[in-house]
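Trainee: Show me the folded form of this:
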Amino acid sequence: MRTLVALLGFIPFALQAQISGTVFRADGQKLAGVAVSAKADGSTIRTSVFTDGEGRYTFSRLPAGMYRVSAQRLGYQPGKADVQLPGGGRQNFKLVGNTDAEQTFRQLPGNVALDALPHDTEQDRRMHQLVRNNCTACHTASYPLQFRFDEAGWNAIIELMKNANVYGSFVGKERGVSGILDYHQKELAAYLARARGPNSEAKVALPPPPSGESARVEIREFDMPLDPDQNLPASFVQNDGSDWSLATPSVAIPGWGVHDAWLDDDGNVWFTCNIPNKRTSLGKLDTRTGAVKLFKVEAKTGLAAQSHGMTRTPDGMIWFNINPGRGGLARVNPKTEKIDVFIPPEPFSPTGGATTVDYDGKGRIWVSAPDGVLRFDPQRQEWTSYKTASFKLPTGTGITYGAAGDRAGNGYWAVMIHDIIGVADGATGKASEIKLAPVKTAWDRTPPEERKFYETFNQPDFNNPVPYAQGPRRMGTDKNADVLWVGNSWGANLARIDTKTHKVAYVDLPNRMQPYHVHVDAKHRAWTNIWGADRVMRYDPATKTWTGFDLPTRGAEPRYISVHEADGRTQVVLPYFRARKIAVMTLR
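Mentor: Got it, this is the predicted structure:
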């Protein structure tokens, strides 16, 4: 029997082969940091690697098939080839430099496009901050900035977007306009017309290509199937972000999507879905085949109950929030696929807000509630509630965003609008708050008359920040230390909070990249997904250094990051909310 199993395991491997080669410039110089991607005909899996300092690349072994292989680097036209496996696995590329500056601009990820905008004068820096914080809620900045409009054109765009929410939906009638965009509309339109108008003043500075550890990764991206209830043609997605020369797409695929995701011990990725649909509350992706299995929890509406946040506890269980009519929690056993649902009773608040789920060192589950945070004890089946003291202020309603639990059994939650971190004392049941400081550089350059306006400005939602806001979004605790890391999406930094003393320090991201969520690995390193940059950043507090990892898809917009560490291997899972894929990055 053992011999038979060994032979059966060997057959697929024998049918696999490698693709490798070297990438050159047109003049014969070898190119480092080139993203080389391969996808077989009929497959939903796209694998990407990067060339080393000698321009060489090598994929891990791939199944037999005809592969479409591409080589891409900013500033160059893409190289493309067909490779048959097994067979001609050796494929070199010669890349030709772009001859038009707009060709290069269209290839840019969002952070590089933002950095290209004028920011030499104080007025330009004020406008640059507003574009960064208030014009990127619906898309990564590389989408709108790929276009060029005169002042009237940009004014029309701002007029529309001040009436849109984070999903790009028109909400002007029920919500009212975004006061920030309305207040600055005229000067913003003039600035954008200079920056990206007929006579564009944008100055692109290309970042260094991936090298060292950043280039020693393999990224597998898995396409999610279209929702059959939407009756979409198979060719509905014309640009999925994989060809940079086509620019960042505005992908709005009707039907279910992906939000948070975690790997289980068998190599499956479990993911949540927060889009109303008829059949998907939870999904499972088989990373060996790309097959997707959907699970539905019935909602009172007749649709699938929606989910959003997710975590994986040390025992391998997957926890996520679920709303079958009232927001609660659910647990799935990856081995049996059995789902259990737990609903907080009245008078507890339901789970909700931009719901995030985490666990603490006592085995309890923490989850966002609209007005604070909830703790659930799976052993006792008990709920505990902690409320936001500064829930409603003249400047807006403090709906909870991220939530986390620490190793000592305490909980934390982010009040994004008010720049507050809520603290739940797990022993006493008391709640307190940590106030984050305003971003000093933005505060200092804000004129007094504008500060007066901002002091009375009521933010309609958490995507209408004042220029000096920190914007704490989603967070993660170090399960092996007393540290909470918070992704400050507007402040472009990570807040490091000592969970014993509540002392706050700020670690700036390079080039003001904007974090979304934070996951802390076993080596105390903080990983964060840069939602508007098609990038992952990792901070090592021991060496005080950042390492960046580029994603091969434009407009990915990951809103969550999880890290799976097992058998000496580190894998990073990134659900692409906008591009509707799931990526698994393996460090090699």
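Trainee: Determine the set of other helices and strands touching the longest helix belonging to the chain.
Mentor: For the chain, the longest helix by residue count, based on DSSP state H, is helix 179-195. The contact analysis (3 or more C-beta pairs under 8 Å, 6 or more residues apart in numbering; DSSP states H and E) places helix 179-195 against helix 122-134, helix 151-161. The C-beta positions use only the backbone N, C-alpha and C, and glycine is treated the same way.
Trainee: between those, which gets nearest to Ala261?
Mentor: helix 122-134 (26.8 Å; C-beta to C-beta).
Trainee: Residue ranges in the stretch 351-500 of the chain under the pLDDT threshold?
Mentor: Along the stretch 351-500 of the chain, no part satisfies pLDDT under 70.
Trainee: ranges for the helices of it?
Mentor: 440-444, 448-456 (DSSP state H, counting those that start in this stretch).
Trainee: what residue ranges in the protein score low on pLDDT?
Mentor: In the chain, residues with pLDDT under 70: 1-15, 138.
Trainee: three-state assignment of Gly283?
Mentor: Following DSSP: H, G, I helix; E, B strand; the rest coil, the label given to Gly283 is strand.
Trainee: Give me the nearest residue to it, chain neighbours excluded.
Mentor: Excluding the flanking residues, the one nearest Gly283 by C-beta to C-beta, 6 or more residues apart in numbering is Phe271, at 4.9 Å.
Trainee: can you tell me the helix or strand for the one you found?
Mentor: strand 268-272 (DSSP states H and E).
Trainee: helices or strands next to that strand in the packing?
Mentor: Strand 268-272 sits against strand 261-263, strand 282-286, strand 310-312, strand 318-322, strand 581-587, with contacts defined as 3+ C-beta pairs under 8 Å, 6+ apart.
Trainee: what do you get if the cut-off is 6 Å, keeping everything else the same?
Mentor: strand 261-263, strand 282-286 (3 or more C-beta pairs under 6 Å, 6 or more residues apart in numbering; DSSP states H and E).
Trainee: ok and it relative to strand 282-286, angle-wise?
Mentor: Calculated by axes from the mean of the first three to the mean of the last three C-alpha atoms, to 10 degrees, strand 268-272 forms an angle of 160 degrees with strand 282-286.
Trainee: among the helices of the stretch 351-500 of the chain, which is the most enclosed?
Mentor: Counting by mean count of other C-beta atoms under 10 Å, helix 440-444 has the highest mean neighbour count of these, with a mean of 14.
Trainee: where's Asp115 relative to Leu130, distance?
Mentor: From Asp115 over to Leu130 the distance is 15 Å, taken as C-beta to C-beta, to the nearest Å.
Trainee: if I look at the closest residue to Asn274 other than its chain neighbours, how far off is Asn529?
Mentor: Closest residue in space to Asn274, ignoring its immediate chain neighbours: His308 at 4.4 Å, by C-beta to C-beta, 6+ apart. To Asn529, His308 is 16 Å away according to C-beta to C-beta.
Trainee: So for these two, which residue has more residues nearby?
Mentor: Remark: of His308 and Asn529, Asn529 carries more neighbours, 28 against 25, as counted by other C-beta atoms under 10 Å.
Trainee: how far does whatever helix or strand that one lives in sit from the chain's center?
Mentor: Element membership of Asn529 [criterion: DSSP H and E] is strand 526-530. Taking C-alpha atoms, centre = their mean, to the nearest Å, one finds the center of strand 526-530 at 8 Å from the center of the full chain.
Trainee: do the same with stretch 90-109
Mentor: 25 Å.
Trainee: ditto for stretch 576-583
Mentor: Relative to its chain's centre, stretch 576-583 lies at 9 Å (C-alpha atoms, centre = their mean).
Trainee: One more: stretch 115-125?
Mentor: For stretch 115-125, the distance to the chain centre is 26 Å (C-alpha atoms, centre = their mean).
Trainee: Strands of the stretch 1-150 of the chain, start to end?
Mentor: 20-25, 35-40, 45-50, 56-58, 65-72, 79-85, 93-95 (DSSP state E, counting those that start in this stretch).
Trainee: buried set for stretch 552-568?
Mentor: Buried residues in stretch 552-568, counted by 16 or more other C-beta atoms under 10 Å: 552-564.
Trainee: among those residues, which are in strands?
Mentor: The strands, defined by DSSP state E, take in 562-564 from the buried residues of stretch 552-568.
Trainee: Of these, just say which sits nearest to Glu213.
Mentor: For these, the minimum distance to Glu213 (C-beta to C-beta) is 14.8 Å, reached by Val563.
Trainee: pretty sure that closest one is touching Gln571, no?
Mentor: No - Val563 is beyond contact range of Gln571, at 7.3 Å (criterion: C-beta atoms under 6 Å).
Trainee: shared neighbours of those two, which are they?
Mentor: Counting by C-beta atoms under 6 Å, 6 or more residues apart in numbering, Val563 and Gln571 have no shared contacts at all.
Trainee: can you pull up the bridge partners for Val415?
Mentor: Counting by DSSP bridges, Val415 is bridged to Thr400, Ile420.
Trainee: Report the separation between it and Arg496.
Mentor: Taking C-beta to C-beta as the measure, Val415 and Arg496 are separated by 18 Å.
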